[in-house]
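# sequence? don't have it. structure:
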């Protein structure tokens, strides 16, 4: 069963007050009171309340019961239905978390399924709304602003985490650590999911500003600023995706470079061993006359010295060529 929480701003109190859900019908008609109804894990009982008390459209209520809707902003009469996503970086993965909003003249209804990212956004929004001295003047638009501001601030946190992961991958590539390529491809795949889910947040804000119905004139610059921040985050994430592309090229370059170094070393070792083996193989032939002759007292010592000279020269030559 879902849970509901009702927060009321009456305009005459320094702090916000929580009220019983049973008083919702009584409080909703009073336009001087701003209501925030938060619903977690909505079921048929909560959907029926939204239908009966607020009169929300059936299509919007149907979308509330189906998760993973596309981000958007729909206008229904005197309210908006908005779908946005909070950004969560869980472990080593980016996880989008859905948040549905009904934004009316004196109320804001938030609907979610209690993921950590969404709960953090809502709690931060509540704190900012309560600290805002102009909340009574700006109405429920002030709450909507604090919510979008907290939502976009969460995008910056994920952006920083992704930047840290990119730096770690680059360091792994430079150090030749195994698994860097797998981490790189995994992160690049995650970043491909970002624009379709987070970019529409700026589009939603642009749509709300364009329709010019719920936002007081004094709050419009603040909404525009949050929209600019959302665009900035998406631009930075695009840059990070480009960095991953460059890191992939670097990974390929370093892989070929390491392969070339290995081949050089193998070639140097082969040459060092091959030349003495060539000389030794000559003495393995069954010729009657060889130089130095096998009967010579110092013949074996002379051949051994020659072989060591060849090995030393091969090593020195390889070092000069930087193959070893």
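That came in fine, so what should we check first? Everything quoted here is computed from the prediction, not taken from an experiment.
# residue 271 and residue 304, how far apart?
Taking CB to CB, to the nearest Å as the measure, residue 271 falls 19 Å from residue 304. The C-beta positions use only the backbone N, C-alpha and C, and glycine is treated the same way.
# mind checking which of the two has more residues around it?
residue 271 (15 against 12; other CB atoms under 10 Å).
# which element follows the helix or strand containing that one toward the C-terminus?
Residue 271 is part of helix 220-282, with elements assigned from DSSP states H and E. Scanning the chain past helix 220-282 towards its C-terminal end, the next helix or strand to appear is helix 299-320 (assignment: DSSP H and E).
# quick one: mean pLDDT for that next one?
Model confidence over helix 299-320, given as mean pLDDT, is 80.
# next, the angle from it to helix 220-282.
Note on geometry: by axes from the mean of the first three to the mean of the last three CA atoms, to 10 degrees, helix 299-320 and helix 220-282 are set 160 degrees apart in direction.
# what comes up buried for helix 299-320?
303, 310, 314-315, 318 (16 or more other CB atoms under 10 Å).
# what's the closest of these to residue 277?
Proximity of the buried residues of helix 299-320 to residue 277 was ranked by CB to CB; the top entry is residue 310 with 10.0 Å.
# list the residues that contact that closest one.
Residue 310 makes contact with 275-276, 279 under the criterion CB atoms under 8 Å, 6 or more residues apart in numbering.
# so where's the protein uncertain?
Within the chain, the ranges that satisfy pLDDT under 70 run 1, 11-14, 91-92, 212-213, 283-295.
# residue ranges of each domain in it, please.
Following the assignment in automatic domain parsing, the chain carries domains at 3-247, 255-320.
# isn't residue 197 right up against residue 71?
Yes: counting by CB atoms under 8 Å, residue 71 is a contact partner of residue 197 at 6.5 Å.
# next, the buried residues of the helix or strand harbouring residue 206.
For residue 206, the enclosing helix or strand under DSSP H and E is helix 194-211. If you call a residue buried by 16+ other CB under 10 Å, then helix 194-211 has these buried ones: 194, 197-202, 204-208.
# same check, this time on stretch 87-97
Neighbour-count burial for stretch 87-97 flags 87-89, 94-97 (criterion: 16+ other CB under 10 Å).
# and for stretch 64-82?
Result for stretch 64-82 [16+ other CB under 10 Å]: buried residues 64, 71, 73, 79-82.
# restricted to strands, list those residues.
Judged by DSSP state E, strands contain the following of the buried residues of stretch 64-82: 73, 79-82.
# how much space between residue 94 and residue 172?
As it turns out, when the distance is counted by CB to CB, residue 94 lies 19 Å from residue 172.
# number of residues surrounding the closest residue in space to residue 134 that isn't next to it in sequence?
Nearest non-adjacent residue to residue 134, counting by CB to CB, 6 or more residues apart in numbering: residue 142, 6.5 Å away. Each residue near residue 142 was counted by other CB under 10 Å, and the total is 24.
# let's verify residue 142: helix, strand, or coil?
Secondary structure assignment for residue 142 (DSSP: H, G, I helix; E, B strand; the rest coil): helix.
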